[in-house]
Structures are given as C-alpha cells and as structure tokens.
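Chemist: Below are the sequence and a predicted model for it; my questions follow.
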Amino acid sequence: MKILAIESSCDETAAAVVEDGRRVCSNIVASQVEEHQLYGGVVPEIASRRHCEAVVGVTNEALKEAGVSMEEIDAIGVTYAPGLIGALLVGVNFAKGLAMATNKPLVPVHHLRGHIAANYLAHADLKPPFLCLVVSGGHTHIIEVTDYTSFRVIGRTRDDAAGEAYDKAGRAMGFSYPAGVEIDRAAQRGTPTYTLPRPHVEGSRYDMSFSGLKTAVLNLLNRASQKGEEINRDDLCASFQLAVCDILSDRLMAAAEETGAKTIVVAGGVSANSGIRARLSAECEARGMKLYMPPLCYCGDNAAMIGAQAYYEYQSGVRASMELNAVASLPIEESAF
C-alpha cells in the first residue's frame, strides 16, 4: 500500500511516498530555516506563506522521485495537529483538495505519532509495545506505546520543551536560530564546570521542567556581564547539555523501571543531539534494555514519518471527511475528527 504524505506543521514543507508503513519511496523537505534565522525563530505568518508557495512543488517532486503517479497512490496522509495553525491549514487544505480531486481516502495524522513512527522506517524489527521519549522544540513527553495507534502519556514537561530551552539558552549565549545544534557542537569541546539546576516537579515523578534551567543560564550570563567576568561558552554549553541529559534520562529510566519496559524508543528533533543519544545508549546498555533511535535524517520534521503512521492509522480504520480541520494543540491520545 502506497501513501502520499504531507507535513506542514512548522517551518518545513514536506511530502513523501511511503509503502506499507516501512519503506520510504521518496522524502522531500523544503526548509525555511535560513529565512527564519533573520528573526531568531519561526515567524508563523512567513511560514504559512512559504508553505503555500512550496507544497505543490514538493508533492510533485515526491511523486516523481518515487516513480509513481497519483493513480498508484492508495491514500493521502496529512499532519493535522498539533502545530502552528496557519501552517497546518496549508497542508490540511491541500491534502483535502487532492483527496477530493483524486477520490483517495484521507488519513489524518497527529504530529507526535508521526515522530514516533519515524523509527519504524529505520528499524524493521521494532513493534509496540515500548516506552518512547519524544523530545523536540515544542514537546517533551514520555509515552507508553501499547499499539501502533494506542498511546498513554506518563510524563511531560510542565513548561518549556527541551528543544525550546536549547533555543532560548542558545540565543542568550549568542548562537543563531536554531541554537540546539550549536550548543551540541560547543558542548563536545567544553567541560561541564558550571553548576546548573535539575528541576523536579513536586508530586509528579515523571514530569519535567526546563524553564528553571533556562533561566539559570540567563541569570548566570547576566551576572557575569554585570561583573565584567568572562564566560567560557563551551563549558557552559557542556554544563547545560549535561543538565538536560540528567533530567531526561532520570525520568525515562524511572518510568521504564515502573512500567517494566525493556524496549526504549527516542523520537523528535532533539533526538539528533549527540549528548542525549550517547547518554541514553549508555543507560539502556547498563540496564539490558533495547534502544531504538531514528537516523538523523528522520529526527526533524519530515513527511516520511507521517506516511509511516498514516499506514497504521489507515489499517485501524481511521479516515477523515472533507470537514477535517487543523488543530493547534491536541494531546497524542486524542483525535479531533
């Protein structure tokens, strides 16, 4: 079964053709990063306009690279939640129009479910159940995946997502957007000599908080500036990254112990971070757990992951009518169609 997938939840316009939820026939991504760097972050109105300009082109390119026509496509998958509402609307309305014009089934996909499904593209042996850490610019969740379309959140950030903390702390340190990759590189050169907090959420063992960690970095930089002291940026990056790794691994390993999970999966844009990958690899190896992580090409937003999850949604009977709408915020366990 071949699915044409569309992804436009943030600042990447993407289209892909995926066969049987596991084989990528094509995966085209048009990124807007360079334009948004001018503003220090994603500007929603600009992102929406660029999606309008790019969506037809990336779809045609995805079909061409896959060597298929629309007649050979069995269904159309599209990200409908969560994300920037204007950006989502571009992909949803394009997919609805395409489905209507070609009389193909329309399959709505939750963006976070797509990130988890990115691992199915790289690991043929991976099947639920498993415990998944989804860590990205907008989301940080610990999710129990009991089936391909069944999810239970057992831990989440109460404020900033890990990726958001990376970007905000990185901006304060003088890095351009997106700052996460720059902090990762600098951390590899530095030594974690600065003392930073590891916030806990009272009464919630698996929930996380990154706002206090981000604020601690900002306060440290401000105090140093006022006193005329020099900050070793590489060491500060190493200290920040160590704190993030401590928080994520502590909560994830505790959740795995309680649930008895022996299979751990990591997903989302921040799963590309070398420090996080190394730390979780070591933690899982020490506990005899099997760890799955997506290759770097599937960590960020892409349509192949949406096509993978759309296949399993389709198999479970999920379809959307032409009344499908975009939703800016929606828990992974719920649907809005």
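Modeler: Everything's here; your move. None of the values given here were measured: they were computed from a predicted structure.

Chemist: where does residue 15 fall, phi/psi-wise?
Modeler: phi -140, psi 150 (degrees, to the nearest 10).

Chemist: thought it was touching residue 303?
Modeler: Yes. In this structure, residue 15 is within contact of residue 303 by C-beta atoms under 8 Å, at 5.0 Å. Yep, even glycine has a C-beta here, placed from its N, CA and C like the rest.

Chemist: which residues do those two both contact?
Modeler: 5, 6, 7, 28, 62 (C-beta atoms under 8 Å, 6 or more residues apart in numbering).

Chemist: Strands - which of these land there?
Modeler: Mapping the shared contacts of residue 15 and residue 303 onto strands (DSSP state E) picks out 5, 6, 7, 28.

Chemist: Now do the phi/psi pair for residue 295.
Modeler: In terms of degrees, to the nearest 10, the main-chain angles of residue 295 are phi -60, psi 160.

Chemist: Count the neighbours of residue 74 for me.
Modeler: 13 (other C-beta atoms under 10 Å).

Chemist: helix/strand/coil for residue 133?
Modeler: With DSSP: H, G, I helix; E, B strand; the rest coil as the basis, residue 133 sits in strand.

Chemist: hmm, back to that, out of the ones in strands among the shared contacts of residue 15 and residue 303, which one sits closest to residue 138?
Modeler: Among these, residue 7 lies closest to residue 138 (C-beta to C-beta), at 14.2 Å.

Chemist: For that closest one, list each beta-bridge partner.
Modeler: Following DSSP bridges, residue 7 is listed with bridge partners residue 14.

Chemist: Correct me if wrong: it contacts residue 301.
Modeler: Yes. With contact defined as C-beta under 8 Å, residue 7 reaches residue 301; the gap is 5.9 Å.

Chemist: which stretches of the protein form strands?
Modeler: 2-7, 12-19, 23-31, 75-81, 106-110, 130-135, 140-147, 150-156, 263-267, 290-292.

Chemist: OK, contacts around the residue most central in space within the chain?
Modeler: Nearest to the mean C-alpha position of the chain, by C-alpha atoms, centre = their mean, lies residue 268 at 2.8 Å. By C-beta under 8 Å, 6+ apart, residue 268 lies in contact with 112, 115, 133, 134, 135, 136, 139, 163, 299.

Chemist: Mind listing what's buried along stretch 282-295?
Modeler: Residues 283, 284, 289, 291, 292, 293, 294 are the ones in stretch 282-295 that count as buried (16 or more other C-beta atoms under 10 Å).

Chemist: about what we covered before: overlap in contacts of residue 7 and residue 301?
Modeler: Common neighbours of residue 7 and residue 301 (criterion: C-beta under 8 Å, 6+ apart): 14, 111.

Chemist: more crowded one of those two?
Modeler: Using other C-beta under 10 Å as the criterion, residue 7 and residue 301 rank with residue 7 on top: 32 against 27.

Chemist: Now do the same contact list for the more buried one.
Modeler: Applying C-beta under 8 Å, 6+ apart, we find residue 7 in contact with 13-16, 78-79, 91, 111, 114, 301-303, 305-306.

Chemist: From residue 118, how far off is it?
Modeler: To residue 118, residue 7 is 11 Å away according to C-beta to C-beta, to the nearest Å.

Chemist: what do the two both touch?
Modeler: Between them, residue 7 and residue 118 share these contacting residues under C-beta under 8 Å, 6+ apart: 302, 305.

Chemist: and residue 250, how far is that from residue 279?
Modeler: According to C-beta to C-beta, residue 250 and residue 279 sit 10 Å apart.

Chemist: between those two, who's got more neighbours?
Modeler: residue 279 (19 against 16).

Chemist: sorry, back to before: between the contacts of residue 268, which has the most around it?
Modeler: Highest neighbour count within these: residue 115, with 30 neighbours (other C-beta under 10 Å).

Chemist: contacting residues around the closest residue to that one other than its chain neighbours?
Modeler: Excluding the flanking residues, the one nearest residue 115 by C-beta to C-beta, 6 or more residues apart in numbering is residue 267, at 4.2 Å. By C-beta under 8 Å, 6+ apart, the contact set of residue 267 is 115, 116, 118, 119, 132, 133, 134, 135, 294, 299.

Chemist: Test my guess that the last one contacts residue 277.
Modeler: Put plainly, it is residue 299. No. The pair residue 299 and residue 277 fails to qualify as a contact (C-beta under 8 Å) at a distance of 9.7 Å.

Chemist: what touches both of those two?
Modeler: Residues touching both residue 299 and residue 277 (C-beta under 8 Å, 6+ apart): residue 271.

Chemist: Chain neighbours aside, what residue packs nearest to residue 284?
Modeler: Closest residue to residue 284 apart from its sequence neighbours, by C-beta to C-beta, 6+ apart: residue 291 at 4.0 Å.

Chemist: do the same with residue 143
Modeler: Using C-beta to C-beta, 6+ apart, the nearest residue to residue 143 is residue 132, at 4.8 Å.

Chemist: For that neighbour, give its distance to residue 100.
Modeler: Residue 132 sits 34 Å away from residue 100, going by C-beta to C-beta.

Chemist: neighbour count winner among the two?
Modeler: Higher neighbour count among residue 132 and residue 100: residue 132, with 26 against 11, using other C-beta under 10 Å.

Chemist: shouldn't the more buried one be in contact with residue 142?
Modeler: Yes. Using C-beta under 8 Å, residue 132 is in contact with residue 142, at 7.4 Å.

Chemist: Having no further points to raise, I will conclude here.
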